[in-house]
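Visitor: Please work out how this folds:
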Amino acid sequence: MTSSNNNFEENLKKLKDQYATQLPEKIKAIVTDWKLIKNTWQHDTLTQLHRNVHSLIGTSGTFGFTALSTQARSLETALKPFTSASPESSDLPKIYKEIENKLLTLADLTQEATGKSIEIEITEDTNESHFKFLNSDLGNSTPNQNLIYYVDSNTKAATTLADNLSAYGFTIKHFIDPMSMLDNIGDYTPPLVILNLSIDNFSDEYIFDLSKQLTENNIKVFIFSEKNNFDCRLSAVRANASYYIIEPVDTPLLVNLIRTELNIIPFKPPYILLVDDQPAILEYYSSILSASGITVDVSNNPLDVLDRMERHRPDLIVLDINMPEVRGTELAAVIRQFHEYQSIPILFFSGDDSAAQKTELLEIGSDDLLKKGMPITELVRQIKTRVERAKILSSFMYEDSLTGLLNHAQIHLSAERQFSTSKRHKRDASLVMIDLDNFKSINDTWGHQTGDKVLKAFSQLCQQRFRAADIIGRYGGEEFMLILPDTGIANAGSLVNELRRSFNNIEFIENGKSFYMSFSAGIAVTSQCQSITEQIHRADEALYQAKSTGKNRVCLFSSKDK
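Guide: Reported below is the predicted structural model:
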């Protein structure tokens, strides 16, 4: 036991020393970001600065550099007045000085902790505006990705756009001219501004100049226009606009472009499960991986791992080999007995990375071995790489190729799994069967490409509007299944009705003509059913009721109706 403790302490010391060697570069990166945003406002740089400072607070504290952690927190506090001050504020020189004094102290503390000298050169304030015309609040370091400013003198067009995009969960703030938009942009910097090229009393040249100014301040710009000519398209390119979109606008296409440009991912972030009998190790690795944007669940009890996996399927599992009650290799073998967990990567932590050890682990279903004490950057890289590979493989095996939702087999398996979990824990889960109304007529009238566009639009809407815990799949053709864990039938009805109204508001445009779609839905809840087969059947019955009584509605199955 003493030997084990000694190894543990040696590993921790090694990791602490490795972290200490990285500290000077971390401090230099923070100073570089500060110098950039001090002279020219850059929202991405400010977000990065805040993330780096916040990370330094946690990681330096974890490794025992308490004074450094305290000073980093003081710096984080000092940055807030900087982001809320107006460019003309007389307090700016004082704010600059306080921040830079804290940066210098941070460098001195780093030198004391590591023995390495850090030369930091901070130039005097030039009294230039650090915002140009933008302002933000560091308290909202993660921008509201759903907020979009739209400038158009045509209020009818603005109302239509707002209705269409709000169906997907976006918030549209409309301005009738650029001046009113600029007056309000300081209240909250949006990630995207949409400019209509034809705004009353403003020339094309002005709009293109405005686009360039916005993009120079890290705000994305889309330009809407009726002018489909090379000169305007070239001007949009030179104005750094992300897209030049011809009106009338295809809403599903626009939503795709917005998500791509703003990197809005409707799916959950990487989720991994760490299993180790030593809480200190779990806390350490959880802190490191969480700071890298990974959602981490931890367990120091191998006996509860299967329950955890049933509640939330991980993208990757990391096991310690040497655990007292159940060895990591034994736990991996048990996990691999379950067909649904065959594709989840399993990595092992071990101090022994010999070829013989790796071969043994591969034979019981492991994907790789991570050596304890490896550099943190390498650890994060390997885990993220494994997760991405697993997701790509999973998409081929489990997702519908058109919509990106779960395919029929996987949504049915998910429904079975959720039914069992709900019954075991005596918690309701609602199952929803959804069918798009009159879909055949869309294919017959507009063609299958338009039908595919409608299916994609509906899948995008579902991904945008529901929780990460909710499960959505394409059941077949134009029929979908939605599983809502921990949701009673009344709440499920309200949620699906809201989805129905949103879908009904989406304007589809084909060959210059617009049309709207609707869906019907039936809902059944686990507490009123004895099996998943019965729950699906009851939801289908409710769906049939919705279809037969006029469509474009949601019906709830009740045992009283049997």
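
Visitor: immediately after the helix-or-strand element of the chain with minimal mean pLDDT, which helix or strand?
Guide: The weakest-scoring helix or strand in the chain, judged by mean pLDDT, DSSP states H and E, is helix 355-363 (a mean of 63). Counting by DSSP states H and E, the next helix or strand C-terminal to helix 355-363 is strand 368-371.

Visitor: Over that next one, what's the mean pLDDT, rounded is fine.
Guide: Averaging pLDDT along strand 368-371 yields 74.

Visitor: in it, what's buried?
Guide: By 16 or more other Cβ atoms under 10 Å, the buried positions in strand 368-371 come out as D368, L369, L370. C-beta here means a position set from N, CA and C on the backbone, and glycine is covered the same way.

Visitor: Show me what stretch 482-494 is in contact with.
Guide: Stretch 482-494 has contacts (Cβ atoms under 8 Å, 6 or more residues apart in numbering) with 411, 414-415, 418, 421-422, 427-432, 434, 462, 466, 469-472, 495-496, 523-525, 528, 554, 556-557.

Visitor: what about 6 Å?
Guide: Stretch 482-494 has contacts (Cβ atoms under 6 Å, 6 or more residues apart in numbering) with 415, 418, 427-432, 469-472, 523, 525, 554, 556.

Visitor: Mark which of these are buried, thanks.
Guide: Neighbour-count burial (16+ other Cβ under 10 Å) applied to the contacts of stretch 482-494 gives 415, 418, 428-432, 470-472, 523, 525, 554, 556.

Visitor: possible to save those residues as a markdown table with pLDDT?
Guide: Conversion of these to a markdown table gives the following (pLDDT from 0 to 100):
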| residue | pLDDT |
| --- | --- |
| A415 | 91 |
| Q418 | 90 |
| D428 | 92 |
| A429 | 93 |
| S430 | 95 |
| L431 | 96 |
| V432 | 97 |
| D470 | 88 |
| I471 | 90 |
| I472 | 93 |
| I523 | 96 |
| V525 | 95 |
| V554 | 95 |
| L556 | 93 |
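
Visitor: The residue nearest to P248 when sequence neighbours are not counted in helix, strand or coil?
Guide: Of all residues not flanking P248 in the chain, I509 sits nearest, at 5.2 Å (Cβ to Cβ, 6 or more residues apart in numbering). Under DSSP: H, G, I helix; E, B strand; the rest coil, I509 falls in the strand class.

Visitor: Now do I509 against M517, distance only.
Guide: According to Cβ to Cβ, to the nearest Å, I509 and M517 sit 12 Å apart.

Visitor: Number of residues surrounding the residue nearest to Y544 when sequence neighbours are not counted?
Guide: Once flanking residues are discounted, Y544 sits nearest to G522: 7.0 Å by Cβ to Cβ, 6+ apart. By other Cβ atoms under 10 Å, the residues close to G522 number 25.

Visitor: Check S514 too.
Guide: Counted with other Cβ under 10 Å, the neighbours of S514 add up to 12.

Visitor: swap in K35?
Guide: Neighbourhood size, K35 [other Cβ under 10 Å]: 17.

Visitor: So R474 lies in a strand, does it not?
Guide: Yes: judged by three-state DSSP, R474 forms part of a strand.

Visitor: So this structure: which segments form each domain?
Guide: Per the record, the chain has its domains at 11-114, 143-262, 271-398, 408-561, by automatic domain parsing.

Visitor: pretty sure L406 contacts G473?
Guide: Yes: the criterion here is Cβ atoms under 6 Å, and L406 meets it with G473 at 3.4 Å.

Visitor: got the residue ranges for the helices in the stretch 1-150 of the chain?
Guide: Using DSSP state H, counting those that start in this stretch, the helices of the stretch 1-150 of the chain run over residues 2-39, 43-62, 66-84, 92-114.

Visitor: related to what we said a few turns ago, out of L406 and G473, which sits in the busier spot?
Guide: Set L406 next to G473 and count neighbours by other Cβ under 10 Å: G473 wins out with 27 against 24.

Visitor: pLDDT at that one, what is it?
Guide: 92.

Visitor: I'd like the numbering to begin with 382 instead of 1 from here.
Guide: New numbering, starting at 382: the last item is G854.

Visitor: which residues touch it?
Guide: By Cβ under 6 Å, 6+ apart, the contact list for G854 reads L786, L787, I792, M862.

Visitor: Next, work out how far apart it and R805 are.
Guide: Applying Cβ to Cβ, one obtains 22 Å for the distance of G854 from R805.

Visitor: How about F900?
Guide: Between F900 and R805 the distance is 32 Å, computed by Cβ to Cβ.

Visitor: And for V412?
Guide: V412 is 54 Å from R805, by Cβ to Cβ.

Visitor: who's more crowded, these two?
Guide: Neighbours were counted for V412 and for R805 using other Cβ under 10 Å; V412 has more, 19 against 10.

Visitor: Just the pLDDT at T507, thanks.
Guide: pLDDT, T507: 41.

Visitor: ignore the last one, K397
Guide: 80.

Visitor: pretty sure it is touching T443, no?
Guide: No: contact criterion Cβ under 6 Å: K397 and T443 do not qualify, at 9.1 Å.

Visitor: who has more neighbours, the two?
Guide: T443 (17 against 14).

Visitor: dump the residue contacts of that one.
Guide: Contact partners of T443, counting by Cβ under 6 Å, 6+ apart, are S668.

Visitor: For F900, see how far away it is.
Guide: From T443 across to F900, the span is 49 Å (Cβ to Cβ).

Visitor: Number of residues surrounding R717?
Guide: Applying other Cβ under 10 Å, we find 15 residues neighbouring R717.

Visitor: sorry, back to before: in strands only, show me the contacts of stretch 863-875.
Guide: Secondary structure defined by DSSP state E assigns A810, S811, L812, V813, I852, I853, I904, V906, V935, L937 of the contacts of stretch 863-875 to strands.

Visitor: Among these, pick out the one closest to I913, please.
Guide: Using Cβ to Cβ, the shortest approach to I913 within the ones in strands among the contacts of stretch 863-875 belongs to L812, at 8.1 Å.

Visitor: A714 belongs to a strand, doesn't it?
Guide: No: A714: not assigned to a strand; according to three-state DSSP it is helix.

Visitor: and it, how far is that from L700?
Guide: In this view, A714 and L700 are 11 Å apart by Cβ to Cβ.

Visitor: who has more neighbours, the two?
Guide: A side-by-side neighbour count of A714 and L700, using other Cβ under 10 Å, places L700 first with 27 against 15.

Visitor: Identify the residues contacting the more buried one.
Guide: Residues near L700 by Cβ under 6 Å, 6+ apart: V656, G709, L712, F729.

Visitor: how does it look with 7 Å?
Guide: Contacts were defined as Cβ atoms under 7 Å, 6 or more residues apart in numbering; by that measure L700 touches V656, G709, L712, A713, I727, F729.

Visitor: Let me see the ranges of the helices in the stretch 632-781 of the chain.
Guide: Going by DSSP H, counting those that start in this stretch, the stretch 632-781 of the chain shows helices at 632-643, 660-672, 686-692, 709-716, 736-744, 757-779.

Visitor: For my notes, please list those in TSV and give distance to K407 for each entry.
Guide: Formatted as TSV, the helices of the stretch 632-781 of the chain follow (distance: least, Cβ to Cβ, whole Å):
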stretch	distance to K407
helix 632-643	28
helix 660-672	12
helix 686-692	33
helix 709-716	33
helix 736-744	33
helix 757-779	12
